[in-house]
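> the sequence and its predicted three-dimensional model are supplied below.
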Amino acid sequence: MVPDTPASTFVPTDAQALYIHWPFCVSKCPYCDFNSHVRDSVDVDAWQAALLADMAHEAALTGGRPLSSIFFGGGTPSLMPPALVERLIDAAQRHWGFTPDIEITLEANPNSVEAARFADLAAAGINRTSLGLQALEDRALHFLGRAHDVAEGLAALDTAQSVFDRVSFDLIYARPDQGEADWQAELARALSFGTGHLSLYQLTIEPGTRFATLVAQGKLTPADPDHGATLYELTQAMTGAAGIPAYEISNHARPGQESRHNLTYWRYGDYAGIGPGAHGRRGGMATLRHKKPENWMGAVDRNGHGIQSEEPLAGDDRAREALLMGLRLGEGVDLARIAALSGIGVDRLIDERAVEQLTGLGLVRLEGHRLQVAPAGMLLLDAILPEVVAI
């Protein structure tokens, strides 16, 4: 894990982030439970008008604080015309203004059609991309329902690294029948590309997905949890040795290459979320947009925004969210900061007896008001959080 890092290193305390959701994909992957949809056609002009209106509504409520990051997520936002991306970036700059080192990320599929747009997307203002490589083996890509093969994916990675200032890519491991030697070889190859950021996720079976149906039918057997733990430990050792350690349970970066946008989430900063299904946090309010694209579009037409709900968060809720997000980070959380933003006393935030017991086991650390889950504890994070978080 990386050492403690002041929040101001990546996310200025007076800044905020913007998330823009593009919900469309060419096809639906069998493991995906994201808000993504397949449509025969998309009216780009109508979507541009709606996204600009939704953005203007949020900006009117959160103006006066610059943006430190913008993230185009999906769905597959690399399917967006570069001209639309540029219009949205320009509008965001007019509404909020940017910090000098703003990070503007766009998620992309690593295929030749979308890679051909990378230069135009960079010219539009994108300075970081996150590629969904997902695997470096053709058979695994077919299993995961991906449309690209390894050669096409690596060609797209090469193009991205020549065009964008910063690049990340995703890999999914602990796939059925993936042995320790298989993952070791695949990860070694991934590390050889010199990419600054890697998101390495174990395959999880999410409710409502095609994979969940196959598991229920007995046609798919997930990896054994103990085997997954072995692969996780191998992942930490290899990435650490390569100088790209974990700074969050599934995210690895060279120093200075951490995702500033995601750090805003994990450090419980404010962010506006626009587009179908987008969540936001602003000034103690939780915002949620309509999820289905057509419903969101209808709401924008009626109301000038796509908000489905807008609820004030009680102090307990804010503190709980901040703890659950922040303890995913290697740097942990500042309990005094969480107490200040939530109005909940430090003594009420955590179960001190549980912290003491877990500290003795080498699973957590508490120094002053800084609480961290130790590297050895990250494997057990889902079990540790309910023990430690008292509210």
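Here it is on my side, so go on.

> correct me, but Leu61 touches Gly280?
No - in this structure, Leu61 is not within contact of Gly280 by Cβ atoms under 8 Å, at 9.8 Å. Where you see a C-beta, it was placed from the backbone N, CA and C, and this is true even at glycine.

> which residues in the stretch 151-300 of the chain form strands?
In the stretch 151-300 of the chain, the strands defined using DSSP state E, counting those that start in this stretch lie at 166-173, 197-202, 246-248, 251-253, 271-274, 279-282, 285-289.

> need the contact partners of the third one.
Residues from elsewhere that reach strand 246-248, judged by Cβ atoms under 8 Å, 6 or more residues apart in numbering: 1-2, 236, 239-240, 252-253, 258, 262, 266, 328-331, 375, 378.

> what's the longest strand in the protein?
strand 98-108 (DSSP state E).

> chain center to it, what's the gap?
14 Å (Cα atoms, centre = their mean, to the nearest Å).

> and what of stretch 167-183?
Counting by Cα atoms, centre = their mean, stretch 167-183 comes out at 18 Å from the chain centroid.

> how about it: buried residues?
167-175, 178, 183 (16 or more other Cβ atoms under 10 Å).

> out of those, who's nearest Cys29?
Taking Cβ to Cβ as the measure, Ile172 is the one of the buried residues of stretch 167-183 closest to Cys29, at 10.0 Å.

> please name the nearest non-neighbouring residue to Thr62.
Leaving out its chain neighbours, the residue that sits closest to Thr62 by Cβ to Cβ, 6 or more residues apart in numbering is Arg282, at 5.3 Å.

> bridging residues for the one you found?
The partner list for Arg282 in beta bridges (DSSP bridges) reads Met285.

> and it, what does it touch?
16, 58, 61-62, 270-272.

> need the contact list for the spatially most central residue of the chain.
Taking Cα atoms, centre = their mean, the centroid of the chain lies closest to Asn262, which sits 5.6 Å from it. Asn262 makes contact with 71, 248, 251 under the criterion Cβ under 8 Å, 6+ apart.

> state the distance from it to Ser199.
In this view, Asn262 and Ser199 are 9 Å apart by Cβ to Cβ, to the nearest Å.

> give the residues shared as contacts by these two.
Asn251.

> quick one, strands of the stretch 1-150 of the chain?
16-22, 67-74, 98-108, 128-134.

> averaged pLDDT, the second one. What do you get?
This means strand 67-74. Summarised as a single mean, pLDDT over strand 67-74 is 97.

> just checking: what are the partner strands of that strand?
strand 16-22 (parallel), strand 98-108 (parallel).

> what sits closest to Gln78 if chain neighbours are left out?
Rather than Gln, residue 78 is Ser. Ranked by Cβ to Cβ, 6+ apart and with sequence neighbours excluded, the top spatial neighbour of Ser78 is Ala108, at 3.6 Å.

> thought the one you found was touching Glu114?
Yes - look at Ala108 against Glu114 with Cβ under 8 Å: they come within range, at 5.6 Å.

> burial count for Glu331?
21 (other Cβ atoms under 10 Å).

> distance of it from Glu248?
Glu331 is 9 Å from Glu248, by Cβ to Cβ.

> now swap in Ala119 and tell me
Using Cβ to Cβ, we find Ala119 at a distance of 30 Å from Glu248.

> for Ala314, same thing?
For Ala314 relative to Glu248 (Cβ to Cβ), the value is 26 Å.

> looking at the two, which is more packed in?
Glu248 (22 against 13).

> looking at strand pairing, list the partners for that one.
Asn251, Leu329.

> give the contact list for Trp82.
Trp isn't right for residue 82; it's Pro. 117, 120-121, 123-124.

> and what of His197?
130, 166-169, 244, 251-254, 257-259.

> cool, and Thr76?
22, 24-26, 36, 107-109, 114.

> tell me how far the residue nearest to the centre of the chain lies from Pro276.
20 Å.

> what does Glu114 give?
As defined by Cβ to Cβ, Glu114 lies at a distance of 21 Å from Pro276.

> check Phe72 too.
13 Å.

> before we move on, back to that, quick one, which of the strands paired with strand 67-74 is packed in tightest?
Of all the strands paired with strand 67-74, strand 16-22 carries the top mean neighbour count, a mean of 25, counting by mean count of other Cβ atoms under 10 Å.

> report the rounded mean pLDDT for it.
pLDDT averaged over strand 16-22 gives 97.

> now do stretch 150-157
97.

> Gly377 - that's part of a helix, no?
Yes - remark: Gly377 belongs to a helix, assigned using DSSP: H, G, I helix; E, B strand; the rest coil.

> now it: closest residue in space, sequence neighbours ignored.
Leu363 (3.5 Å).

> and that neighbour, how many neighbours?
Around Leu363 sit 22 other residues, with neighbours defined as other Cβ under 10 Å.

> kind regards, and thank you for your time.
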